[in-house]
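Enquirer: need coordinates for the following:
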Amino acid sequence: MTRLRIALQGTVQGVGFRPFVYRLATDLRLTGWVRNTPAGVLLEVEGSPEPIKQFQASLDNQKPANCFIYSSEVTVLDPAGYTAFEIRESLAGEKSAVVLPDLATCPACRAELFDSANRRYRYPFINCTHCGPRFSIIESLPYDRPNTSMKRFQMCPACRSEYENPADRRFHAQPNACPVCGPWLELWRRDGSKAAEREEALAGAARAIREGRILALKGIGGFQLLVDARNDKAVLRLRELKDREEKPFALMYPSLARAESDCQVSDLERQLLLSPAAPIVLLIAKAAAISKHVAPRNPYLGVMLPYSPLHHLIMADLDFPVVATSGNAKDEPICTDECEALERLNGFVDLFLVHNRPVVRPVDDSVVRTLGGREAVMRRARGYAPLPVTLPDGEGSVLGVGAHLKNTVALAVGRQVFVSQHLGDLETPEARKGFEDAVAALQDLYETQPAGIGCDAHPDYESTRFAKAAGLPVTEVQHHYAHVLACMAENDLTSPVLGVSWDGTGYGLDGTVWGGEFLEVNDSSVARLAHLETFPLPGSEIAVREPRRSALGLLYRVFGDGAFEMTELPAVASFSAADRRLLKTVLAKGINCPLTSSAGRLFDGVAALAGLRQVSTFEGQAAMELEFACNGFESDESYPIEVREPVGGAERPILIDWKPLVRHVLADSGSCVPVGIIAVRFHNALCEAIVAIAKRAGQSRVVLTGGCFQNRYLTERAIRRLAQEGFRPYWHQRIPPNDGGISLGQVVAVSRAVSRESEP
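Expert: Numbers count the residues shown, from 1 in each chain. Now for the predicted structure:
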């Protein structure tokens, strides 16, 4: 007889793993036990050698679909004389178990949902061990019902029987419930009075959307605002109420077939739409039968399919696409509580569809697109957070507090770094409170106090201020270095690498605004090898919202005061004569005109010079439109761009001189060359600059990171050109290339520093 003790870490809680182990062991006539622990799952099996071998093989080969085992420690022990196999109560202790994200409704539950003979027919909270809420309902580890927001719902005898039956797929399904014993729906008016409940509430909500009204729906991780996506008046009203002038809205389609009728859907995009994560997927639109106001001037639609039972029911009743956008005011976190929603969303909506299952933490919808033939997450939330990134080594706990925009926070517990859901921009008191709540929630979940904090080097970021007020050792991490480290971590890369870190804004170490950086990362150092040549940003932060100011900075760098005489250019003509005189003065005197090497601002400036956009209504709009202009144009032509070595061999960065590029953009634009050709030549020129610096660096591994690499054309072209020249490119997959990845990079930077200090 043999007894094995097996300690497993990974996504092994909330996926039906203990029931799977129970059934496997009993089928093989093995004895022992299995239990959740704060670190994962611990089990013992006892029996003869051959069944034990089969058990070990099946643990990996037959494990539940959403289960991932990161480590397995096996110890051989003397037999204990067990007489049966059982599921034991969970253990307490140091907490490092992986919490599973919220999972989309599985096929079995969907079938029951629409089966009139089933006792859960049209029950909006149906779930099992394969699907349903996880991260949004868990209060503490281990993942057991008393540690979730389902603890207030006592299971009825029928649900209890399922929960305790090893042969049932709801065996130990922690959110298990039914219409008799579980949560229910209510439809509320704007004054908080109840208009209907249960099935009548659902019918009333669907009727309101058909009538063109705005519905606030309490979903898995908080509220969404829903309107008929075909109704121009309803969509425009939502835009006005949310102060969201042109930024695209996400769509929910009732079925894959309906989405495919409106959009181009590749095999990979189809897999993403149907995956347990069920994210918003950016798809190229065809002649979509929706309002033109959903995504103005944008060839892509952000599409998702119903992912919760409630969404399946309401979309089946409607049978047409709806706008499904976050339930919040501008620059605020999404609402999670119905009473809070009544107060914060009252001016936005006509009715509230609510339920009485508490949302423990806000979790927005994730956004993905395909890049280089792979999934690339742009906003990491539902379905992905808080799955960890595993570092090569690590001890203790480190907190990364992220950036100011697209904020996330990250907590390292040993080798595992748990990255929070997308928290948004820290622009308002409500957003900052949401950030602080997320930091506290992550620490509470793992019951750990960080020994140190990594933050951005920018002194005015709210996250930096928070870090410095926390009373713990603080490590300031340069923004673009954090970007590179995040991409290295998720690709399991060690030094050395060449990091290409391009974005809109980052605090530079030389007093300028960085954003077009080439960083050499070695085991013990990081060096700024090269960067885009700097240019002034008249008005500083205003230039982020006005691409014409970036264009003026570029022109001033090339032509000096002559730039203000070029009134034939839309970027110059858009300013009044008085404004041009003022801008000429401030540029000459350097008043509120910081120098920047930002690739993002270069994109903005070229978009303005090409006549695409002079003033943006949301972040990145001009750069996005320059990317979209490439669609339908294929060419290997590129504008000239010069790579200048430091004068006299000085230890200064190599400069990428974009001035020849700007001259050619102006010439082509003046000759009425199609803007699509201008856009392609511009993108190609930047990719050639990447290849040129990679050749000078002599480093085979090149990391592409930063918000600019959300751009599909730029990223795929850079990947292709680097590969053609013999380099090995790496880019983001599960961690966003934008500032949503900064917190992970900060944790890695602190861990690297600690590792160096501990070396003999």
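Enquirer: what is the neighbour count of Glu541?
Expert: 10 (other C-beta atoms under 10 Å). Where you see a C-beta, it was placed from the backbone N, CA and C, and this is true even at glycine.
Enquirer: and the gap between it and Phe575?
Expert: Distance of Glu541 to Phe575, given as C-beta to C-beta, to the nearest Å: 17 Å.
Enquirer: just Leu310 next, same as before
Expert: 50 Å.
Enquirer: quick one: which of the two has more around it?
Expert: Shown here are Leu310 and Phe575; by other C-beta under 10 Å, Leu310 has more neighbours (23 against 20).
Enquirer: next SSE downstream of the helix or strand harbouring Leu666?
Expert: In this assignment (DSSP states H and E), Leu666 forms part of helix 659-670. Remark: after helix 659-670, the chain's next helix or strand is helix 675-697, criterion DSSP H and E.
Enquirer: so which bits of that next one are buried?
Expert: 675-676, 678-690, 692-694, 697 (16 or more other C-beta atoms under 10 Å).
Enquirer: now the helix holding Leu666: average pLDDT?
Expert: Over the span of helix 659-670, the pLDDT mean works out to 97.
Enquirer: the helix or strand of the chain with the lowest mean pLDDT pairs with which strands, parallel or anti?
Expert: Scoring the helices and strands of the chain by mean pLDDT, DSSP states H and E places strand 68-77 at the bottom, with a mean of 77. The strands beside strand 68-77 in its sheet (DSSP bridges) come out as strand 2-11 (antiparallel).
Enquirer: could you dump stretch 407-427 to CSV, C-alpha only?
Expert: Below are the C-alpha coordinates for stretch 407-427, written out as CSV (Å, rounded to 0.1, in the frame of the first residue of the first chain):
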residue,chain,number,x,y,z
ASN,A,407,-5.0,52.1,-12.9
THR,A,408,-4.6,48.6,-11.5
VAL,A,409,-2.9,47.5,-8.4
ALA,A,410,-0.8,44.3,-7.9
LEU,A,411,0.1,42.3,-4.9
ALA,A,412,3.0,39.8,-4.8
VAL,A,413,2.6,36.9,-2.4
GLY,A,414,5.8,35.0,-2.7
ARG,A,415,6.3,34.2,-6.4
GLN,A,416,2.7,34.9,-7.4
VAL,A,417,1.7,38.4,-8.4
PHE,A,418,-2.1,39.0,-8.2
VAL,A,419,-3.1,41.8,-10.5
SER,A,420,-6.4,43.5,-9.7
GLN,A,421,-9.2,44.3,-12.0
HIS,A,422,-9.2,47.5,-14.1
LEU,A,423,-9.9,50.4,-11.8
GLY,A,424,-9.8,53.3,-14.2
ASP,A,425,-8.4,56.8,-14.1
LEU,A,426,-7.8,58.4,-10.7
GLU,A,427,-9.3,61.7,-11.6
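Enquirer: distance from it to the middle of the chain?
Expert: The gap between the average C-alpha position of stretch 407-427 and the chain average comes to 11 Å, counting by C-alpha atoms, centre = their mean, to the nearest Å.
Enquirer: how about it: buried residues?
Expert: Those would be 407-426, for stretch 407-427 by 16+ other C-beta under 10 Å.
Enquirer: what's near enough to touch Asn118?
Expert: Applying C-beta atoms under 8 Å, 6 or more residues apart in numbering to Asn118 gives the contacts Glu112.
Enquirer: try Ala65
Expert: Here Ala65 is in contact with 15, 130, 276 (criterion: C-beta under 8 Å, 6+ apart).
Enquirer: most neighbours among these, which one is it?
Expert: Val15 (25 neighbours).
Enquirer: find me the pLDDT at that one, would you?
Expert: 82.
Enquirer: ditto for Gly93
Expert: In this model, Gly93 carries a pLDDT of 61.
Enquirer: repeat that for the one 10 residues further on.
Expert: We have a pLDDT of 91 for Leu103.
Enquirer: contacts only, for it.
Expert: 66, 130-132, 134, 276-277, 383.
Enquirer: ditto for Glu199
Expert: Glu199 makes contact with Arg122 under the criterion C-beta under 8 Å, 6+ apart.
Enquirer: is it true that it lies in a helix?
Expert: Yes - applying DSSP: H, G, I helix; E, B strand; the rest coil, one finds Glu199 inside a helix.
Enquirer: any idea how far Asp657 is from it?
Expert: From Glu199 to Asp657 the distance is 67 Å (C-beta to C-beta).
Enquirer: what does Phe17 give?
Expert: Distance, Phe17 to Asp657, by C-beta to C-beta: 57 Å.
Enquirer: burial count for the residue lying closest to Cys455 once chain neighbours are set aside?
Expert: Leaving out its chain neighbours, the residue that sits closest to Cys455 by C-beta to C-beta, 6 or more residues apart in numbering is Ala467, at 3.7 Å. With neighbours defined by other C-beta under 10 Å, the count for Ala467 comes to 25.
Enquirer: contacting residues for Ala467?
Expert: Contacts for Ala467 (C-beta under 8 Å, 6+ apart) come out as 401, 453-455, 474.
Enquirer: could I get the residues you listed in CSV, plus columns for pLDDT and secondary structure?
Expert: Converted to CSV, these look like this (pLDDT from 0 to 100; DSSP: H, G, I helix; E, B strand; the rest coil):
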residue, pLDDT, secondary structure
Val401, 98, coil
Ile453, 97, strand
Gly454, 97, strand
Cys455, 98, strand
Val474, 96, strand
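Enquirer: out of those residues, which is nearest to Arg29?
Expert: Gly454 (51.2 Å; C-beta to C-beta).
Enquirer: from Leu103, how far off is Tyr307?
Expert: Tyr307 is 8 Å from Leu103, by C-beta to C-beta.
Enquirer: tell me, what's touching those two both at once?
Expert: Joint contacts of Tyr307 and Leu103 (C-beta under 8 Å, 6+ apart) are Gly383.
Enquirer: how about the strands in the stretch 351-500 of the chain?
Expert: With DSSP state E, counting those that start in this stretch, the ranges of strands along the stretch 351-500 of the chain come out as 351-355, 367-371, 374-379, 388-390, 397-400, 410-413, 416-419, 452-456, 474-477, 497-507.
Enquirer: the second one pairs with which strands?
Expert: Spelled out, it's strand 367-371. Using DSSP bridges, the strands paired with strand 367-371 in its sheet are strand 280-285 (parallel), strand 374-379 (antiparallel).
Enquirer: many thanks, we can stop here.
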